[in-house]
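Trainee: quick one: sequence and predicted model below, then my questions.
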Amino acid sequence: MKESVEKVIVLGSGALKIGEAGEFDYSGSQALKALREENIKTVLINPNIATVQTSEELADKIYFLPVTPYFVEEVIKKEKPDGILLAFGGQTALNCGIDLYKKNVFEKYNIRVLGTPIQSIIDTEDRDLFIKKLTEINVLTPRSVAVGKVEDAIIAAESLGYPVIIRSAYSLGGQGSAFCKNKEELHEMTSRAFSYSGQILVEESLKGWKEVEYEVVRDRYDNCITVCNMENFDPLGIHTGESIVVAPSQTLTNTEYHKLRELSIKVIRHIGIIGECNIQYALDPNSEEYRVIEVNARLSRSSALASKATGYPLAFIAAKLGVGYGLHELKNSITKTTTAFFEPALDYIVCKIPRWDLNKFDGVSHLIGSSMKSVGEVMSIGRTFEEAIQKGLRMIGQGMHGFVGNRIAGFENIGNELAQPTDMRIFVIAEALEKKFSIDKIHELTKIDKWFLYKLKNIINLKEELTKYNKIDKLPVDTLREAKILGFSDFQLARFVMKSKVDQIANDMITVREYRKSQGILPAVKQIDTLAAEYPAQTNYLYLTYGGKEHDIDYPLSGKSIIVLGSGAYRIGSSVEFDWCSVNALNTINKNGYQSVMINYNPETVSTDYDICDRLYFDELSLERVLDITDLESPEGVIVSTGGQIPNNLAIRLYEQNVKILGTSPLSIDRAENRHKFSSMLDNIGVDQPRWKELTSTGDIHSFVDEIGFPVLVRPSYVLSGAAMNVVSNKDELGHFLEMASLVSKQYPVVVSEFIENAKEIEIDAVAGSGELIAYAISEHVEFAGVHSGDATMIFPPQKIYFETIRRIKRITRQISKELDISGPFNIQFLAKDNDIKVIECNLRASRSMPFVSKVLKTNLIEMATRVMLGEKVEKPNKSIFDLDYVGIKAPQFSFSRLQKADPVLGVDMSSTGEVGCIGEDFYEGILKSMLSVGYSIPRKAILLSTGEPRSKVELIESARELNKKGYKLYATRGTQKFLETNGIEAEVAYWPDEKETPNTIDLIRNKEVDLVINIPKNLSKSELENDYSIRRNAVDFNVPLITNARLASAFILAFCKLDMSDIAIKSWDEYQTL
Amino acid sequence: MPYNFDKIVPGEGTRQIKQKVKLILEDNTVFEGKSFGAEKAISGEVVFNTAMTGYPESLTDPSYKGQILVLTYPLIGNYGAPRTEMENNLHKFHESGNIHISGLVVSDYSFEYSHWNAEESLANWLKNNDIPGIYGIDTRALTKRLREKGTMPGKIIVDDDIPFYDPNDRNLVEEVSVKEKQIYGNGKYKILLIDCGVKYNIIRSLLERNTTVIRVPWDHDISREEYDGLFITNGPGDPKQCRATIENIRKAFTADKPIFGICLGNQLMALASGADTYKLKYGHRSHNQPVIRTGSNRAYITSQNHGFAVDNKTLNNDWEPFFINLNDETNEGMIHKSKPFFSTQFHPEASGGPTDTAFLFDKFIENIEKHQSTIKKG
């Protein structure tokens, strides 16, 4: 029974950030597909231009605008929809929806909220209402007190007894929640939490209880199902986004499972959800005592995971329920014959493992706890826990080979590390087991259920058995098979049995592979069919396992197949943009009459949606697993250039194993990736590059620096924390750096390059066929070189570069393209200073900016590149960047607020977690839209300036003057104030954090007397003065917008001084016409 | 001596010989695995269950009498075997006094278990009850075979071969039914429960609702019993074997006292009413069977364990289907058009499985209350 809605607004989640990532591209895309099936017109608001959902095929209208009440209302005014979906864009969309509801916007424009009613959402979001609601039906929640100020929090904690946990309402990913062991901690944490939220909750601590989640669905007829339950490997106290999670639960008995299931249904009915929600429980490990921790009345990271874990498309179904269907009226999308009203039966175990990138941040704490810090996740599938976890730990992509066999520097105090978990927790457990810690001891310190620990111990036991042999063909076949069942890779086997040296192991793992194939030890391909084989299913959703002996499908595919390698876990530097590239490659393959095959293991992606390709292998992107699959599929070829760096790195090794790689030759990829080969190639074709050398001794480094002069970029090949790639400006810094990077040797050389200051950075994204340039897009950065291209604000088409520069860039691009005989997508980065062009990087694969430039240019470069790789004849487009009447701006999104203590400053290493791309009438409108989209707001009253070295001070004169004119109150640190005064700009001195005088910078921030902080670091190195760090960190912790780059600050200030909110055009993508 | 991994019990560190055993189906398919239960040969009907929890409940469910149970969920044994504790003269954590399956087939047996309520490992529990268990089987491949060819006789072989046999030729109900009348509880309503292999949670569910449960053997002459409501339980095998029960039910139909039947009870009531039953290709054995209340939009997830079904087409005019399976439209229960009689093919008592339809026990009690008030009025 469908409701009569014709046009629906769908809110996206904006830029990817910690706690809100690719899962919402997946859920939004599913919702759009569901609505399209119903012939409902869709209007999508989402500034995240790299997403799949913001592609032409999915929504009827797309607005690259901030998901904030103001812009959503403006779009409503213009589009006049009759319905809105709030549940598919994460907390961002939900919060925005609640705001609009409270402002009566929906009532005013006669818009129905489809799915769960707003009041139900509010009942789950407001902790007080939530607890009241659950108490009405005698469902237990943690004992807690809601408080509005710090003093009340302390009183509450004393009555509950320490430790307590504090939570803030309307949180995303646990932001603003923390454990407090005593009054001092509570005082500090609550003052911070109150800056995000007017109300916080002080709760009893249930540390050590099991954490279990259910995904629950309800329709308008009150029919309810729980699609999946999941158990956290880590007990309560570690945020579910930070925990390894298994599905289904492993240590719950039938009574426990169904008690919690029954409660889930009771709760969802009472709250009145229509659609999907997630419910989290704490379960006492020693009884059936439970507490409901929270309910998320929307699609979530867990629901995306549950969808991928079970094959049940939660978001798709939720959207259908939103327009009025009953569950029993819909079909199971996998079997297509049975009903959607059912609960999937799994015949495998799924393991989700978070991916952290904490090494990218200076000063950040590595402890994991009740706040989320991970930037991505993987999902592994197996038929034993050991297989699933070992697969998953490899998938994480940080050089790990599984649970064992990793080269990790030993942990200093294993006991402490177990009790105070960090991002290395699982490897600490491995070391503890290897060091003969008892299961009881590890359990006591970690509270991880012993079942998981026993299983991990099985891996250690088998590893020890393996090391007793020295030759692979002497290893008993049964032991070899058992090792594969327990998830050991050929690499691990080579390491444990053959004791391979680092330079030999690549060959040895092939030896292991050949041997085990000769013994018939091969993985079986199994389907994910939602019903554990009870009903026949034509599903193409597959995984490989050694816990089985028979394939579920026939080989090879009827018809020519092309395999696309996906991008793996989202992480800093590689996220949704490569998913867009992969999906577009698959679409192009389908359109051209081939069978498309995808390999990827990231549950947050659209590319792992089984309706996107002919076959989906939800499995590892390792050489071993890809070869397993190419052995079975015998594909026409493999595409390695649309999934970012992981497939790119596999190219040459697949090529060596005689796998046909489509597009640019892996030998060329190697020439571009290898610094020496690439450099000599550039020399040969007469293309300039910054001078550089790979050096193996401190003496050589100093003499090379004497030759090229400061500043220099230093890049160690062995990275210890704090000694990553960095720019150093003087002898002291260099000395300090080399001290930290103590491992300078023949084995671990350091690359030193000339660093050119105040140079523009320009990028080209292009497609070539047989070395011939076919299409290209040139963009420039707002910031000068020195800010990582992933953290830079990009302008496309470029607005401020010389024609001569463009000409030269094109010429160099053609030369490189010809020289490397490129066929497919590629990206080159340049430095430009006074028309002097130097190449700094070249990647023979799709780049991060590919979806941005493709969408702004309205020319799908990936489609073109894929056609080239398929051997199609591709015409040059008759459109160029000079035809665009508008400007695209791509801006980075940072998640520093989640990363306690990290210095929110930009450098040569990337630290943003996501991005937006907006289209403006001109540069300033574009900048304003994009900055508003990543969380900045137009300041209302006062701005704090601390503008660093003289050059950036000068850079900001013009904008400071504009601020003065606009009537903003300016506070400035002493040097800056003096400089401004000299230039006739009025500003009041704000004292440094370590000074006693008032007004003090810190007070201004904490009391929100300023609503924008501009703090420009004094130099490009990260060794900043404590005062500057303190200003920046406080701005982040107290939620005051912060800019740390002078050129970006200037652009933003000029934009909001020139334009008011009302000047911002509310135009959909299709309204921006090319000439 | 070369090391043989088969001889290791993972994790325990103690080495025990893991006997290699075979599961052979009637169609001669052979699955090789290793033993973790009693090391003996056994023959039975091979059936699969797709539930992800609840192996202790399944093992002690009398409806599995004579069957070799394949669990499609691969990781089994995780939470061990529950404590043997009595409450109201019933095992608190088991569905009957014994293990009823003939053998257990799994993919990955967990030699180590962890749960506060566990008393011993699943392996020990099986061994103590002389029930074989095999692990290391591709249970998905096995399940697909059973799905395609139907459930079929099979045998677990250690050394010497034994013949196949089909338990459906036997009166299994007789084997699992109580031998003498037993009374539980002291509640207001007297429920006469015909035990064809009752799961204890049916008795528990009734006792929770202010009843006294009089449990009688499957062929007990009920005409001389005093009761307020009649309950026909679940049980194993072909319903047509239970002629005595069918006859008793037919007599009970002539009166107006409320009747509730579950699973085999549904089939027996159907046969008593003159309808027919048939054998399903591979049955419904899972915790996720969707049923819909006929003529409504209300659907429920149910727990099921049956190999036979009622043929909807053969229901007479006094009866109508109560629930229908949403996947294959088979009968999931029937309800009398005028009298307070109803039955379900699924298990409202759950254990294991979802508890969505427990309200049917309330409906039964309401029927009794209504019936008694009409008698008083009448």
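Mentor: Nice, thanks for sending it over.
Trainee: how many residues are close by residue 18?
Mentor: I went with chain A, as the question did not name one. The number of residues packed near A:I18 is 27, by other Cβ atoms under 10 Å in any protein chain shown. In short, each C-beta sits where N, CA and C put it, glycine included.
Trainee: chain B, not that one
Mentor: 21.
Trainee: hang on, it in a helix?
Mentor: No - per DSSP: H, G, I helix; E, B strand; the rest coil, B:K18 lies outside any helix segment and is coil.
Trainee: just the helices in the stretch 51-200 of chain B please.
Mentor: With DSSP state H, counting those that start in this stretch as the criterion, the stretch 51-200 of chain B has helices at B:55-59, B:122-128, B:139-149, B:172-176, B:200-207.
Trainee: chain A: which of the ones you listed is closest?
Mentor: The closest of the helices of the stretch 51-200 of chain B to chain A is helix B:139-149. By Cβ to the nearest Cβ, the value is 4.0 Å.
Trainee: in chain B, which strand is the longest?
Mentor: If you go by DSSP state E, chain B has its longest strand at strand B:277-293.
Trainee: what's the angle from that one to helix B:139-149?
Mentor: Angle, strand B:277-293 to helix B:139-149, by axes from the mean of the first three to the mean of the last three Cα atoms, to 10 degrees: 110 degrees.
Trainee: what distance separates strand B:277-293 from the middle of the whole chain?
Mentor: 12 Å (Cα atoms, centre = their mean, to the nearest Å).
Trainee: report the buried residues of whatever helix or strand comes next after that strand.
Mentor: Next helix or strand after strand B:277-293 toward the C-terminus (DSSP states H and E): strand B:299-310. Neighbour counts using 16 or more other Cβ atoms under 10 Å in any protein chain shown place B:A299, B:Y300, B:I301, B:T302, B:S303, B:Q304, B:N305, B:H306, B:G307, B:F308, B:A309, B:V310 of strand B:299-310 among the buried residues.
Trainee: output these as TSV; include the columns distance to chain A and pLDDT.
Mentor: Formatted as TSV, the buried residues of strand B:299-310 follow (distance: Cβ to the nearest Cβ, whole Å; pLDDT from 0 to 100):
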residue	distance to chain A	pLDDT
B:A299	4	97
B:Y300	8	98
B:I301	5	98
B:T302	10	98
B:S303	9	97
B:Q304	11	97
B:N305	13	96
B:H306	14	97
B:G307	14	96
B:F308	17	97
B:A309	15	98
B:V310	20	98
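Trainee: can you list those in CSV and add distance to B:P354?
Mentor: Formatted as CSV, the buried residues of strand B:299-310 follow (distance: Cβ to Cβ, whole Å):
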residue, distance to B:P354
B:A299, 12
B:Y300, 8
B:I301, 5
B:T302, 7
B:S303, 6
B:Q304, 10
B:N305, 13
B:H306, 16
B:G307, 21
B:F308, 22
B:A309, 20
B:V310, 22
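Trainee: let me know whether A:S489 touches A:V404 as I believe.
Mentor: No - contact criterion Cβ atoms under 8 Å: A:S489 and A:V404 do not qualify, at 10.6 Å.
Trainee: return the list of helices and strands in contact with the longest helix that chain B contains.
Mentor: For chain B, the helix that runs over the most residues, judged by DSSP state H, is helix B:359-377. If you count contacts as 3 or more Cβ pairs under 8 Å, 6 or more residues apart in numbering or on different chains; DSSP states H and E, helix B:359-377 packs onto strand B:229-232, strand B:259-262, strand B:341-344.
Trainee: quick one: closest of those strands to A:T998.
Mentor: strand B:341-344 (76.0 Å; Cβ to Cβ).
Trainee: quick revisit: can you check which of the helices and strands packed on helix B:359-377 gets nearest to B:N248?
Mentor: Among the helices and strands packed on helix B:359-377, strand B:229-232 comes nearest to B:N248, with 9.1 Å by Cβ to Cβ.
Trainee: which is the succeeding secondary structure element to that closest one?
Mentor: helix B:243-254.
Trainee: tell me the buried residues in that next one?
Mentor: Result for helix B:243-254 [16+ other Cβ under 10 Å]: buried residues B:A244, B:T245, B:I246, B:N248, B:I249, B:A252, B:F253.
Trainee: which helices and strands does that helix pack with?
Mentor: Counting contacts by 3+ Cβ pairs under 8 Å, 6+ apart, helix B:243-254 is packed against strand B:189-195, strand B:229-232, strand B:259-262, helix B:264-273.
Trainee: any chance of TSV for those, columns distance to chain A?
Mentor: Below are those laid out as TSV (distance: least, Cβ to the nearest Cβ, whole Å):
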stretch	distance to chain A
strand B:189-195	23
strand B:229-232	22
strand B:259-262	17
helix B:264-273	21
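Trainee: make JSON lines out of these and add distance to A:R383 and mean pLDDT.
Mentor: Below are these laid out as JSON lines (distance: least, Cβ to Cβ, whole Å; pLDDT from 0 to 100):
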{"stretch": "strand B:189-195", "distance to A:R383": "39", "mean pLDDT": "98"}
{"stretch": "strand B:229-232", "distance to A:R383": "40", "mean pLDDT": "98"}
{"stretch": "strand B:259-262", "distance to A:R383": "34", "mean pLDDT": "98"}
{"stretch": "helix B:264-273", "distance to A:R383": "34", "mean pLDDT": "98"}
